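[1] Build me a model from this:
(chains A and B)
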Amino acid sequence: AQSVSQHNHHVILSEAASLELGCNYSYGGTVNLFWYVQYPGQHLQLLLKYFSGDPLVKGIKGFEAEFIKSKFSFNLRKPSVQWSDTAEYFCAVNAGGATNKLIFGTGTLLAVQP
Amino acid sequence: DTGVSQDPRHKITKRGQNVTFRCDPISEHNRLYWYRQTLGQGPEFLTYFQNEAQLEKSRLLSDRFSAERPKGSFSTLEIQRTEQGDSAMYLCASSLGLLLTFGSGTRLTVV
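    Numbering: from 1, shown residues only, chains lettered A, B, ... in the order given. Predicted coordinates for the structure are as follows:
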């Protein structure tokens, strides 16, 4: 069965620090990969996605992620975080099939200190 | 406004009671998903509808859980004889293809 691992459960950074959140998935076939963000009190929102093509994808609010197929990884990065980036970040994989359901990681809670 | 509406936002119920949640997806979306999220965990898939047909159910969906999507529009998720372990956020999502749009969820507390 597909699974997603997020190794950082809780990250605390100061504003302007660089961010990298790890995500690894287990599935040998073609995958579609996503990062979702959940700001305090809000619903899950799509941050960025990878379907095919350039493995470096750019999302909203200055976030980017790199798909490294050989490492089964899809790490999220941002060069300089802001206080408003405080949120929980979820990596998800869609391994296809009829349902297109997403399998989520356990999430990383990011706290950015001003 | 996400476009996916869930009602109620919060529900507190006594153990053993039945509860029902409603999800109104984005109108043109034919795919509808239910997920459950507990503290410290990511959303876990419960069930999937394509139009009115329930095509997949997770093993997490015990026989106390039932979901419907009559006429392929809104969906309901019912939990019978609630247990404390059912306390969680229940999320609904809809899509046309690969991009799921989530609702704000219904937070269930079983006391």
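
[2] Stretch B:84-91: which residues count as buried?
    B:86-91 (16 or more other CB atoms under 10 Å in any protein chain shown). Just so you know, the C-beta spots here come from the backbone N, C-alpha and C atoms, and that holds for glycine as well.

[3] residue of chain A with the smallest distance to chain B?
    Residue of chain A nearest chain B, by CB to the nearest CB: residue A:104 (3.3 Å).

[4] tell me the mean pLDDT over stretch B:58-75?
    Averaging pLDDT along stretch B:58-75 gives 93.

[5] quick one on the thing from earlier: could you dump the buried residues of stretch B:84-91 into TSV with secondary structure added?
    Shown next, in TSV, are the buried residues of stretch B:84-91 (DSSP: H, G, I helix; E, B strand; the rest coil):
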residue	secondary structure
B:86	helix
B:87	coil
B:88	strand
B:89	strand
B:90	strand
B:91	strand
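
[6] Out of these, which is nearest to chain A?
    Comparing these against chain A with CB to the nearest CB places residue B:91 closest, at 7.2 Å.

[7] from memory the closest one sits against residue B:101, does it?
    No: taking CB atoms under 8 Å as the definition, residue B:91 is not a contact partner of residue B:101, at 10.9 Å.

[8] Now for those two: what residues contact both?
    Contact with both residue B:91 and residue B:101 is made by no residue, according to CB atoms under 8 Å, 6 or more residues apart in numbering or on different chains.

[9] do you know how far the closest residue to residue A:18 other than its chain neighbours is from residue A:19?
    The shortest distance from residue A:18 to any non-neighbouring residue, by CB to CB, 6 or more residues apart in numbering or on different chains, is to residue A:79 (5.5 Å). Distance, residue A:79 to residue A:19, using CB to CB, to the nearest Å: 8 Å.

[10] pLDDT weak spots in chain A?
    Within chain A, no range satisfies pLDDT under 70.

[11] oh sorry, the question was meant for chain B
    Residues of chain B meeting the criterion pLDDT under 70: B:1-2.

[12] Report the central residue of it.
    Residue closest to the mean C-alpha point of chain B, counted by CA atoms, centre = their mean, is residue B:34 at 3.8 Å.

[13] Do I have it right that that residue meets residue B:75?
    Yes: using CB under 8 Å, residue B:34 is in contact with residue B:75, at 7.3 Å.

[14] intersection of neighbour lists for the two?
    Joint contacts of residue B:34 and residue B:75 (CB under 8 Å, 6+ apart) are B:23, B:67, B:92.

[15] how about the nearest residue to the residue of chain B found nearest chain A, chain neighbours excluded?
    Minimum separation of chain B from chain A (CB to the nearest CB) falls at residue B:42, amounting to 3.3 Å. Once flanking residues are discounted, residue B:42 sits nearest to residue A:104: 3.3 Å by CB to CB, 6+ apart.

[16] Please tell me how far the one you found sits from residue B:61.
    To residue B:61, residue A:104 is 17 Å away according to CB to CB.

[17] neighbour-wise, which of these two wins?
    More neighbours surround residue A:104 than the other of residue A:104 and residue B:61, with 23 against 19 (other CB atoms under 10 Å in any protein chain shown).

[18] All the strands of chain A, in order from the start?
    Secondary structure of chain A by DSSP state E: the strands cover A:3-5, A:10-14, A:19-21, A:24-26, A:32-38, A:45-50, A:56-58, A:64-68, A:73-78, A:87-94, A:103-104, A:108-113.

[19] Now distance to residue B:5 too, for those, in JSON lines please.
    Supplementary listing: the strands of chain A in JSON lines, determined by distance: least, CB to CB, whole Å:
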{"stretch": "strand A:3-5", "distance to residue B:5": "28"}
{"stretch": "strand A:10-14", "distance to residue B:5": "31"}
{"stretch": "strand A:19-21", "distance to residue B:5": "30"}
{"stretch": "strand A:24-26", "distance to residue B:5": "31"}
{"stretch": "strand A:32-38", "distance to residue B:5": "18"}
{"stretch": "strand A:45-50", "distance to residue B:5": "16"}
{"stretch": "strand A:56-58", "distance to residue B:5": "30"}
{"stretch": "strand A:64-68", "distance to residue B:5": "30"}
{"stretch": "strand A:73-78", "distance to residue B:5": "29"}
{"stretch": "strand A:87-94", "distance to residue B:5": "21"}
{"stretch": "strand A:103-104", "distance to residue B:5": "22"}
{"stretch": "strand A:108-113", "distance to residue B:5": "27"}
